[in-house]
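> here are the coordinates; sequence isn't available:
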């Protein structure tokens, strides 16, 4: 039993990413975009071994299904590089699991996409996706603490 | 590994350099590979089915519960639906009798005139797997691919013969379809009843608009019907798209309005761009 729990704890970051990507839904989780939450959390806040490569694959899959060629993958690489080169902001020790940085990550992507093709309905839709992912960041990261 | 160790810091910097290097490589690739993205799509043809298969296994209980809820909801509507269907059946049976007579007569006439009926294109029926309407993009996956003889550039229509989208990328067992509302979608159309041609452009969640009319004096109005035109041979002509709802907007089919579609095996050397 203990072994099973250990395996679950170790594989949890990978499992939750696959689950959120696979459970895509037209309004609530288009193209599995909610998978960006564990991708961000387990890369920047709670670094997990080998997760970066996994995160890149799933960013790529989100991009493929969204019809955005390598957009989130590139943005992820940019954030990863910036985070690696600086030691001014200590993301793992920030309040509320660094939700502000996560909002910056998602917000930057949404803002670029919104500017590229602006209509009011798209603006509202993008705003909704930004708010929804930001809100869900709290329970999903809290769930991680309960499990691991 | 201790964070103050030199090896840790060095590893972190190397990883960051690699990530920073990846960005210009991606940008150059996007500029060079546009619009086919052969390498990216080829990679997706392997990674997507594998990730989908793993995801299917892991999320099986969740999806089973969701399916059960749908079934319960369907069952609760069954009684009223049954009553309605019986009424419809009675009317349909009456119509069928007169249709049978007309069909027999038609067959006889066809035989006499040696008329051969044939659909201009072979079709493949496919289920809509994922509706990936996100940001201003509207694409969806269907469960038929190269193995069923489906390729990029083919046209996807609903069972009412209404245009749904165009296939942009094809794997062995799946295809990605760009819906008409996708902002990258731009297709040649014609206004029924007038010789005017134009272009239908996707606007994301706002739907689709038609413009760039061949006749500069032409003004669109509510109720005009829009069909595909065969400019450059990119799409087959005459497929119904939708009705205009004002001077520019067109009521097109959205991906979430279809659970099953037909692929027209429209074969042309000009792939969809």
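Good, I have the coordinates. What you see is a predicted model; the values in this text were computed from it and never measured.
> show me what contacts residue B:207?
The contact partners of residue B:207, taken as CB atoms under 8 Å, 6 or more residues apart in numbering or on different chains, are B:181, B:249-252. Every residue, glycine included, has its C-beta placed from N, CA and C.
> ah, wrong one, I meant residue B:22
A:74, A:77.
> got it, and residue B:138?
By CB under 8 Å, 6+ apart, residue B:138 lies in contact with A:67, B:132, B:178-182, B:185, B:202, B:204, B:254-255.
> coming back round to it: a markdown table please, covering the contacts of residue B:207 and showing distance to chain A and neighbour count.
Below are these laid out as a markdown table (distance: CB to the nearest CB, whole Å; neighbours: other CB atoms under 10 Å in any protein chain shown):
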| residue | distance to chain A | neighbour count |
| --- | --- | --- |
| B:181 | 10 | 25 |
| B:249 | 11 | 18 |
| B:250 | 15 | 24 |
| B:251 | 15 | 14 |
| B:252 | 14 | 26 |
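> out of those, which are inside helices?
Among the contacts of residue B:207, no member falls in helices (DSSP state H).
> so can I have JSON lines of these showing pLDDT?
What follows is the contacts of residue B:207, written out as JSON lines (pLDDT from 0 to 100):
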{"residue": "B:181", "pLDDT": "88"}
{"residue": "B:249", "pLDDT": "89"}
{"residue": "B:250", "pLDDT": "90"}
{"residue": "B:251", "pLDDT": "89"}
{"residue": "B:252", "pLDDT": "89"}
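> Which single one of the residues you listed is nearest to residue A:89?
residue B:181 (39.3 Å; CB to CB).
> and stretch B:68-80, is it in reach of chain A?
No. When contact is scored as CB under 8 Å from any CB of the partner chain, no part of stretch B:68-80 falls within range of chain A; the minimum is 12.7 Å.
> So what's the model's average confidence on that stretch?
What stretch B:68-80 shows for mean pLDDT is 85.
> what's the helix or strand for residue B:263?
Taking DSSP states H and E as the definition, one finds residue B:263 inside strand B:260-264.
> Confirm for me that residue B:27 is in contact with residue A:75.
No. Counting by CB atoms under 8 Å, residue B:27 sits too far from residue A:75 to count as a contact (11.9 Å).
> and stretch B:182-190, average pLDDT?
Taken as a whole, stretch B:182-190 has a mean pLDDT of 88.
> Show me which residues of that stretch are buried.
Going by neighbour count (16 or more other CB atoms under 10 Å in any protein chain shown), the buried part of stretch B:182-190 is B:182-185, B:187-190.
> likewise stretch B:9-22?
B:12, B:16, B:19-20, B:22.
> Spatially, which two of those residues are the most separated?
So, those by CB to CB: farthest apart are B:12 and B:22, at 15.8 Å.
> mind giving me the domain split of chain B?
B:6-58, B:77-113, B:121-273 (automatic domain parsing).
> Identify, out of these, the most deeply packed stretch.
A comparison of the domains of chain B by mean neighbour count, using mean count of other CB atoms under 10 Å in any protein chain shown, puts domain B:121-273 on top with a mean of 19.
> Show me how far that domain is from its chain's centre.
7 Å (CA atoms, centre = their mean, to the nearest Å).
> So residue B:209: helix, strand or coil?
Under the three-state scheme (DSSP: H, G, I helix; E, B strand; the rest coil), residue B:209 adopts strand.
> Quick check: it touching residue B:198?
No. Contact criterion CB under 8 Å: residue B:209 and residue B:198 do not qualify, at 9.8 Å.
> can you tell me the helix or strand for the residue nearest the centre of chain A?
The residue lying closest to the centre of chain A (CA atoms, centre = their mean) is residue A:36, at 2.0 Å. Residue A:36 belongs to helix A:36-40 when assigned by DSSP H and E.
> can you give me the strands in the stretch 101-250 of chain B?
B:123-134, B:137-142, B:155-157, B:163-170, B:175-179, B:186-191, B:197-202, B:208-211, B:225-228, B:240-244, B:249-251 (DSSP state E, counting those that start in this stretch).
> Give me the sheet partners of the second one and which way each runs.
This means strand B:137-142. Its sheet considered, strand B:137-142 pairs with strand B:123-134 (antiparallel), strand B:175-179 (antiparallel) by DSSP bridges.
> lowest-confidence stretch among these?
Among these, strand B:123-134 scores lowest, at a mean of 81.
> Which residues does that one contact?
Here strand B:123-134 makes contact (CB under 8 Å, 6+ apart) with A:24, A:26, A:30-31, A:33, A:65-67, A:129, B:138-144, B:148-150, B:156, B:174-175, B:179, B:181, B:205, B:254-256, B:258-265.
> Residues contacting stretch A:119-139, please?
A:28, A:30, A:33-34, A:36-37, A:40-41, A:96-97, A:99, A:102-103, A:106-107, A:110, A:113-114, B:134-136, B:203-206.
> Same question for stretch B:165-175.
A:67, B:37, B:41, B:44-45, B:48-49, B:126, B:129, B:139-147, B:150-156, B:176-180, B:182, B:185, B:187, B:235, B:255, B:263, B:272.
> so how far does that stretch reach from one end to the other?
Taking CA to CA, to the nearest Å, stretch B:165-175 runs 12 Å from one end to the other.
> what's near enough to touch residue A:76?
A:39, A:43, A:55-56, A:59.
> in which helix or strand would I find it?
Per DSSP H and E: helix A:71-85 holds residue A:76.
> Mind listing what's buried along that helix?
A:71-81, A:83-84.
> Now do it and strand B:137-142, the angle between them.
110 degrees (axes from the mean of the first three to the mean of the last three CA atoms, to 10 degrees).
> after helix A:71-85 comes which helix or strand?
Next along from helix A:71-85, by DSSP H and E: helix A:99-116.
> mind checking how far that next one is from the chain centre?
With CA atoms, centre = their mean, you get 11 Å for helix A:99-116.
> Tell me the helices and strands packed up against that helix.
For helix A:99-116, the packing partners by 3 or more CB pairs under 8 Å, 6 or more residues apart in numbering or on different chains; DSSP states H and E come out as helix A:36-40, helix A:71-85, helix A:120-147.
> what separates residue A:40 from residue A:90, distance-wise?
Distance of residue A:40 to residue A:90, given as CB to CB, to the nearest Å: 16 Å.
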